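Student: sequence? don't have it. structure:
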């Protein structure tokens, strides 16, 4: 498979990658979308990064997506006397609402919503799963537990409650403040942490509206139980493997990753595989062989994008990490078995006009081997339906909405291009499409292209036209 890269790269910005020069280097190395992690940094920091991205976008002449990642609720124990204690396996340990400092036999847990959701036999995880407690007795303001796995316990360590839906909003007051700020900047995607139910997406949607697309971060086992309903509500999915791996056995995470990618692809929603993909490159100039295989596995499965976190935000080799990730993607997409795997895992079309058009697109692409597909889109729907088919051609998405162009920068195989013209006639669409593919470098004179669109133009979800055209001589 030749031609431009299909899978996308999402790179997190941070202390190691905030200067305009470094952001430009990341984009030139292959970053398609940038992540602003609101768990760290001030509003001023994020505003400066946002401004640098938009200035770079103008300089490069291509849409660049910006994703803001909300922190979400952070459940932590309180202070420990002396800052640290050690729990022994088999010993009793109490968690309660008492704000006094804890010690070797108890700790403050200032989250009544956890106590409200507990049942006898529930396991609690402390410090990213390093310690495990089992609830023996509980009430509205306490839990008496037995230590199953002991070890050192320090102040303010995190608490996880696997397998339990907590009666808690995914949006804390901090998140709501951050969200309002991010939307005022004009971010394109909002990554929602701590998603447990489809109602969590609806809560965020009520605040966001159509100002940005929502990406549900799947990091809680409860979310997997409502996977299809969450996919239906969200605009995209993120496999947040770090947090998911805390509450689930490590051997289950790869299986769930494949399941999430498969279901997201079937729904035509962009899906990102995230966390620790090239983790060793935070301090080394090359990844481990296992990390390279990890990235490749995500690409073979058909994920829309792979993400760098600490590697690009705070690591010593942020540009090298993006470069290596780009090289891995390119190598996989040259492998004939990659194309065969996509075809074998293809989801059947649904009985509606847009799916019928895009299924035909895929079949025409297989028969005629055109240079590119042009998808006219206002909302992004036509381009996403085309991307769902994973066609053999690159997809040039022409849209009059600059926000749509930026959001589509995360979608598999899509090359978004903003154009301000208002088109109405099919002949205008074809002429504009052939000019655009030449301008983008995706096709040359006499090449065959496919054009899909919805008539009347500008109506979301109305994909009903497929046209085969030849690029004319200049």
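Tutor: Received the coordinates, thanks. Quantities reported herein were computed from a predicted structural model and do not represent experimental measurements.
Student: what domains does the record give for the chain?
Tutor: 8-72+171-335, 81-160, 353-470 (automatic domain parsing).
Student: name the nearest residue to residue 420, sequence neighbours excluded.
Tutor: Once flanking residues are discounted, residue 420 sits nearest to residue 400: 6.1 Å by CB to CB, 6 or more residues apart in numbering. For the C-beta atoms, the positions are set from N, CA and C on the backbone; glycine is no exception.
Student: my guess is the one you found contacts residue 419. True?
Tutor: Yes - using CB atoms under 8 Å, residue 400 is in contact with residue 419, at 6.4 Å.
Student: okay, the domains of the chain in JSON lines with mean neighbour count and distance to residue 341 next?
Tutor: Listed next are the domains of the chain as JSON lines, based on neighbours: other CB atoms under 10 Å; distance: least, CB to CB, whole Å:
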{"stretch": "domain 8-72+171-335", "mean neighbour count": "20", "distance to residue 341": "6"}
{"stretch": "domain 81-160", "mean neighbour count": "16", "distance to residue 341": "33"}
{"stretch": "domain 353-470", "mean neighbour count": "20", "distance to residue 341": "10"}
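Student: bridge partners for residue 190, pull those for me.
Tutor: Note on residue 190: beta-bridge partners by DSSP bridges are residue 68, residue 214.
Student: quick check: it vs residue 128, distance?
Tutor: According to CB to CB, to the nearest Å, residue 190 stands 25 Å off from residue 128.
Student: sorry, back to before: so what sits against both of residue 400 and residue 419?
Tutor: Here residue 400 and residue 419 have no joint contacts, going by CB atoms under 8 Å, 6 or more residues apart in numbering.
Student: now render the domains of the chain as CSV, adding mean pLDDT.
Tutor: As requested, the domains of the chain are exported to CSV (pLDDT from 0 to 100):
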stretch, mean pLDDT
domain 8-72+171-335, 97
domain 81-160, 96
domain 353-470, 91
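Student: output those domains as a markdown table; include the columns distance to residue 342.
Tutor: A markdown table is the format used below for the domains of the chain (distance: least, CB to CB, whole Å):
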| stretch | distance to residue 342 |
| --- | --- |
| domain 8-72+171-335 | 5 |
| domain 81-160 | 35 |
| domain 353-470 | 5 |
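Student: which of those domains sits closest to residue 345?
Tutor: domain 8-72+171-335 (6.3 Å; CB to CB).
Student: between its first and last residues, how far does that closest one reach?
Tutor: Using CA to CA, to the nearest Å, the end-to-end distance of domain 8-72+171-335 comes out at 17 Å.
Student: mind listing the helices for the stretch 301-450 of the chain?
Tutor: Under the criterion DSSP state H, counting those that start in this stretch, the stretch 301-450 of the chain contains helices at 310-313, 318-334, 336-344, 353-368, 381-388, 402-407, 426-440.
Student: same for the fifth one, what does it pack against?
Tutor: If you count contacts as 3 or more CB pairs under 8 Å, 6 or more residues apart in numbering; DSSP states H and E, helix 381-388 packs onto helix 353-368, strand 372-376, strand 395-399, strand 414-418, strand 448-454, strand 463-470.
Student: what's the angle from it to strand 372-376?
Tutor: Angle of helix 381-388 versus strand 372-376, following axes from the mean of the first three to the mean of the last three CA atoms, to 10 degrees, is 150 degrees.
Student: same check on the last one?
Tutor: Taking the same axes, to 10 degrees, helix 426-440 and strand 372-376 form an angle of 130 degrees between their directions.
Student: helices or strands up against helix 426-440?
Tutor: Against helix 426-440 (3+ CB pairs under 8 Å, 6+ apart) you get strand 372-376, strand 395-399, strand 414-418, strand 448-454, strand 463-470.
Student: quick revisit: is it possible to get CSV of the helices and strands packed on helix 381-388 that adds distance to residue 429?
Tutor: Shown next, in CSV, are these (distance: least, CB to CB, whole Å):
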stretch, distance to residue 429
helix 353-368, 14
strand 372-376, 6
strand 395-399, 9
strand 414-418, 14
strand 448-454, 6
strand 463-470, 8
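Student: and these: which comes nearest residue 229?
Tutor: Taking CB to CB, helix 353-368 is the member of the helices and strands packed on helix 381-388 nearest to residue 229, at 20.6 Å.
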